[in-house]
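Trainee: From the sequence below, what's the structure:
(chains A, B and C, ligands or ions: 3)
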Amino acid sequence: MTDTPLTKNMHADGSPVDLAEYEASGGYQAIRKVLGGIEPKQVTGMVKDAVLRGRGGAGFPTGTKWSFVPLGPEVPNPTYLVCNADEMEPGTFKDRLLMERDPHQLIEGMMLASYAIEADVAFIFLRNEYRLCAERLARALSDACAKQYLGKKIFGSDYSLEMHLHVSAGRYMCGEESGLLNALEGKRANPRLKPPYPTTAGLFGKPTVVNNVETLACVPHIVNRGAEWFRGLSRTRDGGTKLFGVSGKVKRPGLWEAPMGTLVREILEDYAGGMRDGVKFRGLLPGGASTDFIVESDLDLPMDFGGLAKAGSRMGTGTMIILDDGTCPVGMVRNLMQFFSRESCGWCTPCWSGLQWAERLLGAMEEGAGEPGDIEKLSELAWMWAPGHTYCALAPGAAEPLESALKHFRDDFERHIREKRCPYS
Amino acid sequence: MATVYIDGKPYAVDAHQNLLDQCLSLGFNLPYFCWHPALGSVGACRQCAVKQFKDEHDTRGKIVMACITQASDGARISIDDPEAVKFRAGVIEGLMLNHPHDCPVCDEGGECHLQDMTVMTGHDYRRYRFEKRTFRNQDLGPFVNHEMNRCIQCYRCVRFYRNYAGGRDLNALSIHQTVYFGRNQDGVLENEFSGNLVEVCPTGVFTDKTLKRHYTRKWDLMYAPSICVHCATGCNVSAGERYGTLRRIVNRFHHEVNGYFLCDRGRYGYEFVNSDKRVREARLNGNAITAEAAREHLREAVERGRAIGIGSPRASLESNFALRTLAGPGHFFSGIADRDQRLVALILDILRRGPCRVPTLHEIELCDAVVVLGEDVTNTAPRIALSVRQAVRQRSFEMAEKLKIPLWLDDGVRDAGQDQRSPLFVATIASTHLDEIASGVFRGVPDEIARFGFAVAHAIDSAAPSSGDFPAARGIADALKGAKRPLVVSGASCGSEAVIQAAANIAQACGAALYFIVPECNTLGCAMVAGGSLDAAFRLAAEGNVDTAIVLENDLYRRAPAPDVDAFIGNVPHLIVLDSLLTRTAERAELLVPAGTFAESAGTFVSGEGRAQRFFEVFPPDGVRESWRTLGMGRWSTLDEVLADLPAELPGLARARDAAPSAKFRIAGAKIAREAHRSSGRTAMLANINVSEPKTPVDPDSPLSFSMEGAEKKPPGALIPFFWSAGWNSIQATNTYQREVGGPLNGGDPGVRLIESSAKEKSYFAGVFEEFPAEGGEWLIVPIHHIFGSDELSLSAQAVAELVPAPYVAVGRESFAQNTMVRVEIAGQMFLLPVRIRSELGARVAALPAGIPPLAGLPLPQRGTIEEVK
Amino acid sequence: MLSAEEIHEIEAEAQHYPTREAVLIDALRIVQSHRGWVSDDALRDLAEFLHMTEADLDGVASFYNLIYRKPVGRHVIHLCDSISCWIEGYAGVRRALAARLGVDFGETTKDGRFTFLPIVCLGCCDRAPAMLVDGELHVHLTPDNIAGALEKYA
Ligand SMILES: Cc1cc2nc3c(=O)[nH]c(=O)nc-3n(C[C@H](O)[C@H](O)[C@H](O)COP(=O)(O)O)c2cc1C
Ligand code: SF4
Ligand code: FES
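Mentor: Ligands and ions are numbered 1, 2, ... in the order given. Below is the predicted model:
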């Protein structure tokens, strides 16, 4: 059996690992170790060597991100670490598990990241609907505070760290890191332009690192067991294990920790048990709503940050959504566009207006009111959302399922228009 | 300088700027919405897309937004690239999804940036076949009309209103396709600069509500370059007329003065020109007489001898000079009360003597530490308060520079700088709107403000006299000493010489720029014509030495207490008044002669900056003429002739002549048209009277024609009647009149500065303070200024009048309850007024709103008594 | 006026931030948790307390979907309408819920018991379809089991 550091301590009954248990299994040793004489830069170095890439979807190398933060006594205080626990990407349900079942793992990861970037304050930015996470994180934070693992001079060192839980008030845009910063400042969660990069002027204008829950949860293990071990967990160049999920009409929808680079087919068939009886596989979104559809012929590609490029897609959050042959691909894309359109912050034109249009076009098709030319208009809209064409990555994310659906399931779109009805209903 | 290749050709650009700015400066028609030269770039609308290539071998390139891309040396871009063209077409199509296409009934039609950009991108066919989103509109008060369905979500309105002007009652509400720009609830927009929304909004969401009442399309208005008459700032405006009524005011860009923005008093005060209180015909003892007869009467009065002239700070330099010439220098009085005249004389003396420079408004925006002494700037010179708001951003600019964030990248600068502000200290009688961005405030009566100011000066330079112990002074002194470009703003509005002296001391001590706010549009000009004070005229009359008093555009009841004015009028056998409005003084005239308002005259004002600026007739003459013409009695037939005579008599005003080109100026032999080429119905306008095409009236005073015939080329700054370029029908055409976008107008910014300081040496005032608190049962009664109410002319403007507060007396918390009726006795008069609590006011200090009838004319500060009416 | 409890809770959150304005979202949430929704009066009270304007507050309040600017019922049902739930039969569940409640998305039942709203992916796609009632998660919904799920919310 392969090593599953992120989930190995979790209880099958769903109850959380508490502080005592966490410590008993080697928890809070990594932070003790670094406070005992490892320089912040060395921690960053370890994370770089481990080839830890961000699990929030974009896969940015974590150590590299940390290394952009200015260190030293002249840097204006405070520096911030923010854990992005907004998990709202449709089809994604991995961070919830980490927070509900092993909150101290995340907290220790945040301590280590904070130490590496010399942060004084850390926030967990949690989506409102994750009520159980909020309860368990709050409990874990207060337990850690009570033992003076957080606060002034933690573990008797010279390093002080405050950590707060911020519960959001909704909106997918809060997950986009700069939108998140605005939300944390009490503002509308519109994204921000770069420069300034958050690492130089982020939250409240101060140096800030934003990392995903899963990214941070990996860090204690890297510090404990070394970069080489972490790289060895993976089957490919990107280090570590990864939480992979499957939803849709498979036999065993669920979430599993597996080596980075596990093949799509293995996840679909071995972990999720393959398609349910009576339905056939047509395609899947590999990692949440903002990734491109892949089809049968792509199933032997590895799930890592580059592995799906050949299929014109990407791993995203690593939680797959399966399209079966009884489900209308046009309806599926319509549902996705409804989501993106509703969650568009309303700042840049191609996004707010294009999504409104795309949603209506797809709706018309589904309701038998599609017209010739609609497919071309949809591709035009998707092109309008290409990276760089819009202000942030929300609309480019919407373009991915739309464009790839138009490529892989074009017949379905054409039939809707030709037959003036949804053939699946 | 750097080189950027645009569609293969090299162009010299400013590498500190963004590509959009530079493309527009180079004359390319690159469409945009969210960008604004004064508001910077945010990259929201995505309309300004161009293709950028890595190097000469890159043929694919990528689409970038010009407004958020640096014009760096060697950059290669294409505007004409088919993908860039397609993208821009896609953006405008997207922007128009929900737009109602109601141009025919939209007030913006014909001067709409959205129309212009739609044409520019070639979007002409609607493909979106679904329902549009619709909104409910709000009643935003008398100035601004709201029609949200036309919104394209460019965010300019809130960026101007909130970020630039500091307004907080308008916001972007909701999200995605339904972002709503409005107030939380219906209600009057609170910000003093709300009218700029009309120009900032690129479509017809925010339009001019006063224009709506007498609506005319942009191209059907007749315009002239003009100067705002509602305070001393000297904002440049463009005034438009049709069928004999003034229809609206829009901003006339001046890089050094008003930039792109006006205050609401300046934009909406114009309606006094159409007021039914206008004097339209000459009257003798209340009976209409001909202009001829009026002139004859005037001539006789002067020939009888012992005639005096009383000038006016709201009349032009030329009219004041004409009166002085008519009455003789020894018999000319400024029309300003003695105490106010002393303040202005002191200000003039300080400015002339130096060593402090009077900053332009643009220079104020660059100052990095500001002290305001005694002025409620937002209410006495509103446009300057808007500049001070920009000045406090200097610190965030410095921070951005350190982080290598270009200063035009508006959101980047704000995200990095957050709420960092340069120091601003406000020492005033009562709270002001600038307090919210101030690092410190000081409250006191004028005398205390002065003492405080002296203490600051002393803390900076111990050679400056001290005035007592003020702990806060030290911190302010340090901030000013630490600043690269400190500024002191003060003025005459709190009626204290000591305050003015204190401001001069501070400015000298730290080498700051020094701006004095004076009350009226030509206060400095009038003072420079140099006459005795109004009190001196009163004394002369009281001695029986005046047979006729000729009062020029001046309501003496606003200058002095009513009993004194009554006495003066009683002492003068013949009172001649020239005015545009039927004032209380005009009502008492034996001979009343109509005077042209700024819109019916040409002349010169000298602003608080000491800048002489020319305004021109908007209306063709229709009987109402400039006072200088009336008073010249045939001596001059053109404005140029008056100006030619000025230097010999008043050398300090000699350069006023150069404020604008003379009437002889031509562009390739042609005059400059006041009307657009598209002006419609020219031959039909008067067809109900006469079907033959009327002769175009002649304007001897300017090179502007009262027609649509004129030069092809753009006129110099002082002569721009309106902004228009082919393809640019909205006010955004301003871009095409500038040397580079946002910079000075082609040919330089209009006007001449008459006052430049000479001395290098400091010379401090010693400081003499009046004692306070008042004795016995007395109160010290101080003035409070109101943007809507304290200015005389805009009181007669319909929309402004709606916002003028009813007379009241303000007191601190201890003495009376809110709304108690009290009897205020002051300067020999008695008023019954409701109490308003202003908790900043100290014990036995009360305040009256300045200039609001019937309280106008009271010399404030002044001691008085206040008692509750039982 | 804010209640002492509301003020206490807001002040506790406010300590985490360097600026007063930053507590706004927490404050809106707190006020809503006490009053059910953020009425115009609540907005005014909060604006006064935070020294901000109602427009400042509403710009933020109207951005976030979990701040209610309209009254809601005693219980709020959030039915996930995102992709995995959609695939797993969201439409049938929605129809059944709407029929049972007699109201559709955005509406409140006449007796004021339930407000019915859509919500984005609840992060339990492997147990789809899902909904929240008063923040409590219900999974594996079918048109037949929703009645039971709603019973305990009086
Ligand atoms: C619209 C949008 C929503 C996002 N939502 C999330 C999210 O919920 N959680 C997350 O970790 N990252 C999210 N991201 C990615 C973040 O912007 C950011 O890249 C990430 O938090 C960085 O963390 P990492 O480097 O550890 O992956 C989102 C991005 C976009 C464009
Ligand atoms: S792509 Fe544009 S409108 Fe869409 S969410 Fe990002 S910034 Fe907002
Ligand atoms: S002007 Fe460049 S994005 Fe709006």
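
Trainee: what's the burial count for the residue in chain C that ligand 2 sits nearest to?
Mentor: With Cβ to the nearest ligand atom, the shortest gap between chain C and ligand 2 falls at C:Phe63, namely 11.3 Å. Bear in mind the C-beta positions are built from the backbone N, C-alpha and C, glycine included. Here the count is done by other Cβ atoms under 10 Å in any protein chain shown, and C:Phe63 has 28 residues near it.

Trainee: Relative to chain C, which residue of the stretch 301-425 of chain A is the closest?
Mentor: Nearest residue of the stretch 301-425 of chain A to chain C: A:Asn335, at 4.6 Å (Cβ to the nearest Cβ).

Trainee: looking at it, the residue of chain C closest to ligand 2 is touching A:Asn182, isn't it?
Mentor: No - no contact is recorded between C:Phe63 and A:Asn182 when judged using Cβ atoms under 8 Å, the distance being 9.8 Å.

Trainee: Which neighbours do these two have in common?
Mentor: Shared between the contact lists of C:Phe63 and A:Asn182 (criterion: Cβ atoms under 8 Å, 6 or more residues apart in numbering or on different chains) are residues A:Arg188, A:Ala189.

Trainee: residues contacting the closest residue to B:Gly8 other than its chain neighbours?
Mentor: Beyond its immediate neighbours in the sequence, the residue positioned closest to B:Gly8 (Cβ to Cβ, 6 or more residues apart in numbering or on different chains) is B:Ser78, lying 7.9 Å away. For B:Ser78, the contacting residues are B:Ile6, B:Asp7, B:Gly8, B:Val50, B:Lys51, B:Phe53, B:Gly61, B:Ala84, by Cβ under 8 Å, 6+ apart.

Trainee: Show me where the chain has its strands.
Mentor: If you meant another chain, say so; for now it's chain A. The residue ranges that make up the strands of chain A, judged by DSSP state E, are A:80-85, A:121-126, A:162-167, A:208-212, A:241-247, A:254-259, A:281-285, A:319-324.

Trainee: Not quite, go with chain C.
Mentor: With DSSP E as the criterion, chain C has strands spanning C:75-80, C:107-108, C:114-119, C:131-133, C:136-138.

Trainee: mind listing the helices in the stretch 351-500 of chain B by residue range?
Mentor: B:361-365, B:377-380, B:382-391, B:394-402, B:410-417, B:446-460, B:471-482, B:497-510 (DSSP state H, counting those that start in this stretch).

Trainee: Against A:Asn9, how distant is the spatially closest residue to A:Met46 that is not a sequence neighbour?
Mentor: Excluding the flanking residues, the one nearest A:Met46 by Cβ to Cβ, 6+ apart is A:Ala227, at 5.2 Å. A:Ala227 sits at a distance of 22 Å from A:Asn9 (criterion: Cβ to Cβ, to the nearest Å).

Trainee: excluding its backbone neighbours, what's nearest B:Phe605?
Mentor: What sits nearest to B:Phe605 in space, not counting adjacent residues and going by Cβ to Cβ, 6+ apart, is B:Asn522, at 4.3 Å.

Trainee: What of A:Val333?
Mentor: If you skip the residues right next to it in sequence, A:Val333 has A:Ala405 as its closest partner in space, 4.7 Å away by Cβ to Cβ, 6+ apart.

Trainee: State the number of residues packed around B:Asp124.
Mentor: Neighbours around B:Asp124, by other Cβ under 10 Å: 7.

Trainee: wait, is it part of a helix?
Mentor: No - B:Asp124: not assigned to a helix; according to DSSP: H, G, I helix; E, B strand; the rest coil it is coil.

Trainee: dump the residue contacts of B:Phe598.
Mentor: Taking Cβ under 8 Å, 6+ apart as the contact definition, B:Phe598 lies against B:Ser226, B:Ile227, B:Val229, B:Ala239, B:Val273, B:Phe615.

Trainee: tell me what the helix or strand bottoming out on mean pLDDT in chain B is packed against?
Mentor: Evaluated with mean pLDDT, DSSP states H and E, the helix-and-strand set of chain B has its lowest mean pLDDT in helix B:410-417, which scores a mean of 92. Judged by 3 or more Cβ pairs under 8 Å, 6 or more residues apart in numbering or on different chains; DSSP states H and E, the packing partners of helix B:410-417 are helix A:198-201, helix B:394-402.

Trainee: I'd like those as a markdown table, with mean neighbour count and distance to chain C appended.
Mentor: Written out in a markdown table, the entries for the helices and strands packed on helix B:410-417 read as follows (neighbours: other Cβ atoms under 10 Å in any protein chain shown; distance: least, Cβ to the nearest Cβ, whole Å):
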| stretch | mean neighbour count | distance to chain C |
| --- | --- | --- |
| helix A:198-201 | 22 | 14 |
| helix B:394-402 | 18 | 15 |
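
Trainee: could these be laid out in JSON lines, adding distance to B:Ala165 and mean pLDDT?
Mentor: Formatted as JSON lines, the helices and strands packed on helix B:410-417 follow (distance: least, Cβ to Cβ, whole Å; pLDDT from 0 to 100):
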{"stretch": "helix A:198-201", "distance to B:Ala165": "25", "mean pLDDT": "95"}
{"stretch": "helix B:394-402", "distance to B:Ala165": "17", "mean pLDDT": "95"}
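
Trainee: Ligand 3: which of those helices is closest?
Mentor: Distances from ligand 3 to each of the helices and strands packed on helix B:410-417 were compared using Cβ to the nearest ligand atom; the minimum, 18.9 Å, belongs to helix B:394-402.

Trainee: Run the angle between the closest one and helix B:382-391 for me.
Mentor: Between helix B:394-402 and helix B:382-391, the angle comes out at 40 degrees (axes from the mean of the first three to the mean of the last three Cα atoms, to 10 degrees).

Trainee: From ligand 1, how far out is the residue minimising distance to the centre of chain B?
Mentor: To find the centre residue of chain B, average its C-alpha atoms and take the closest one (Cα atoms, centre = their mean): that gives B:Cys235, at 4.0 Å. Going from B:Cys235 to ligand 1 by Cβ to the nearest ligand atom, to the nearest Å gives 44 Å.

Trainee: Please look at that residue and B:Arg267 and confirm they touch.
Mentor: No - B:Cys235 lies out of contact with B:Arg267 (Cβ under 8 Å); the separation is 9.3 Å.

Trainee: okay, and the common contacts of the two?
Mentor: Residues within reach of B:Cys235 and of B:Arg267 at once, by Cβ under 8 Å, 6+ apart, are B:Asn251.

Trainee: Break the chain down into its domains, please.
Mentor: Let's take chain A. In the domain annotation for chain A, the residue ranges read A:19-232, A:241-324, A:329-419 (automatic domain parsing).

Trainee: oops, chain C please
Mentor: As assigned by automatic domain parsing, chain C contains the domains C:4-63, C:75-150.

Trainee: Residue numbers of chain B in contact with ligand 3?
Mentor: B:20, B:32-35, B:43-48, B:65, B:67 (Cβ under 6 Å from any ligand atom).

Trainee: Buried among the residues you listed? Need that as a selection in ChimeraX.
Mentor: Only the buried members of the residues of chain B next to ligand 3 enter the following ChimeraX selection, criterion being 16 or more other Cβ atoms under 10 Å in any protein chain shown:
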select /B:20,32,33,34,35,43,44,45,46,47,48,65,67
